[in-house]
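> Sequence and predicted structure, then a few things I'm wondering about:
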Amino acid sequence: MKALIIVIASLFVTSSASAQILISEIMYDPAGSDSGQEWIEIYNNDSQAATIGSGWRFIDSSAHLLQLYQGTSTLAAGEFAIVADNAEQFVQRYPSYQGTVFDSVVNLNNSSSSASLSIDSAVIDRVAFNASWGASGNDKTLERKDMAAGNDQTNWQQSYQLHGTPGQPASEEVIDEVPPTNYQGVIINEILPNPAGDDASQEWIELYNEADAERQLLDLLITDGTNSYPFGSERIASHGYLLLPRSLTGIALNNTSDHIQLVTTVGEIIDQADYSQAVEAQSWARQDD
């Protein structure tokens, strides 16, 4: 009987210790409201598949179950998955992501926090970070640079890509062929300040690129003078449009009147739009020029 107990215990420890699932990306402070928008990415750094079972927990200040929402609970070697505070909202915001998504509770403090994974109460990975690491309120993420290295600040970076890189390795800086200061042709084209129904979820601002070449928006802000949204890697194709919902920018449009500006980070005004009384369910749109 004693030998049998030892064998069973040995198998249990081997099973838990063999799971090399790492936290590889953290969205802890998205632009606008954090509610339902926070998530972490996990990565199977083992040479074998690992199954995320009932004993697994994500830990912020408390331990939370992981409920499979999309995909499969078994991660192949080298495979990523997402643990989202609101899996449905995550899938809507990242429609190109087709991998595994777990629904859980992800509630990370914006100034300093820690994110952990555990199996049967044993912590297998933990990242303690703070706002000085980057990705603070700018809709970027913290990314693990090297899966074989540790969890100190030197092995984490702010994502170069806006909204992060769920399901992908850490992003790399790209030298853009379009000069960063070349914004000619980008204009504020349409504004919906007073939609039918809930303003917070349905307001938006639309930009348009009049130029015959693609434009990037790096070093630009859209602002109403109270709240501002800094652009990252967004681009607008030649004669293309870019829709900016309030849920992304955090800009609440007044129904009576407002003043919207597209400006550079050094204060140069690229375009501006003023409107007066907003009729419900009708937008203000640019006409002719």
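Thanks, I have the structure now. Numbers count the residues shown, from 1 in each chain.
> where does the stretch 101-250 of the chain dip in pLDDT?
Applying pLDDT under 70 to the stretch 101-250 of the chain flags the ranges 174-181.
> how close does Ser233 get to Ser111?
26 Å (Cβ to Cβ, to the nearest Å). Bear in mind the C-beta positions are built from the backbone N, C-alpha and C, glycine included.
> higher neighbour count, these two?
Ser233 (16 against 9; other Cβ atoms under 10 Å).
> element containing the more buried one?
Assigned by DSSP states H and E, Ser233 falls within no helix or strand.
> Do you have the strands of the stretch 1-150 of the chain handy? List them.
Assigned by DSSP state E, counting those that start in this stretch, the stretch 1-150 of the chain shows strands spanning 21-27, 39-44, 50-51, 56-59, 63-65, 67-70, 74-75, 80-84, 100-103, 112-119, 122-130, 142-144.
> For Glu214, find the nearest of those.
Ranking the strands of the stretch 1-150 of the chain by proximity to Glu214 (Cβ to Cβ) places strand 142-144 first, at 25.6 Å.
> Give me the contact list for the closest one.
22-26, 28, 43, 127, 129, 133-135, 151, 155-159, 164-165, 170-171 (Cβ atoms under 8 Å, 6 or more residues apart in numbering).
> how close does the residue nearest in space to the middle of the chain get to Gly232?
The residue lying closest to the centre of the chain (Cα atoms, centre = their mean) is His163, at 3.7 Å. Distance, His163 to Gly232, using Cβ to Cβ: 8 Å.
> Report the set of residues contacting both of those two.
139-140.
> Now that Ser238 has come up, it's in contact with Glu214, right?
Yes: contact between Ser238 and Glu214 holds when scored by Cβ atoms under 8 Å: they sit 5.8 Å apart.
> Tell me how many other residues surround Asp29.
Neighbour tally, Asp29, other Cβ under 10 Å: 23.
> what does Gln67 give?
12.
> Is the nearest residue to Trp284 once chain neighbours are set aside bridged to anything, and to what?
Excluding the flanking residues, the one nearest Trp284 by Cβ to Cβ, 6 or more residues apart in numbering is Tyr275, at 4.3 Å. For Tyr275, the beta-bridge assignment (DSSP bridges) gives partners Asp258.
> which ones are touching Tyr275?
191, 193, 257-258, 284.
> Let's have the strands of the stretch 1-150 of the chain in a markdown table, adding distance to Glu206.
A markdown table is the format used below for the strands of the stretch 1-150 of the chain (distance: least, Cβ to Cβ, whole Å):
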| stretch | distance to Glu206 |
| --- | --- |
| strand 21-27 | 25 |
| strand 39-44 | 27 |
| strand 50-51 | 44 |
| strand 56-59 | 37 |
| strand 63-65 | 38 |
| strand 67-70 | 30 |
| strand 74-75 | 39 |
| strand 80-84 | 28 |
| strand 100-103 | 29 |
| strand 112-119 | 35 |
| strand 122-130 | 35 |
| strand 142-144 | 30 |
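> What segments of the stretch 151-289 of the chain are helices?
Assigned by DSSP state H, counting those that start in this stretch, the stretch 151-289 of the chain shows helices spanning 199-202, 246-249.
> Nearest to Ala84 among these would be which one?
Of the helices of the stretch 151-289 of the chain, nearest to Ala84 by Cβ to Cβ is helix 246-249, at 15.3 Å.
> In terms of secondary structure, what does the closest one contact?
helix 199-202 (3 or more Cβ pairs under 8 Å, 6 or more residues apart in numbering; DSSP states H and E).
> Run through who's touching the helix it packs on.
192-193, 195-196, 245-247, 252-253, 255.
> tell me the contacts of the closest residue to Ser73 other than its chain neighbours?
Once flanking residues are discounted, Ser73 sits nearest to Ile52: 4.8 Å by Cβ to Cβ, 6+ apart. Counting by Cβ under 8 Å, 6+ apart, Ile52 touches 21, 66, 68, 73-75, 81, 102.
> Hmm, Ala285 is touching Ile188, no?
No: Ala285 is beyond contact range of Ile188, at 10.2 Å (criterion: Cβ under 8 Å).
> which of the two has more neighbours?
Just comparing Ala285 and Ile188: by other Cβ under 10 Å the higher neighbour count belongs to Ile188, 20 against 11.
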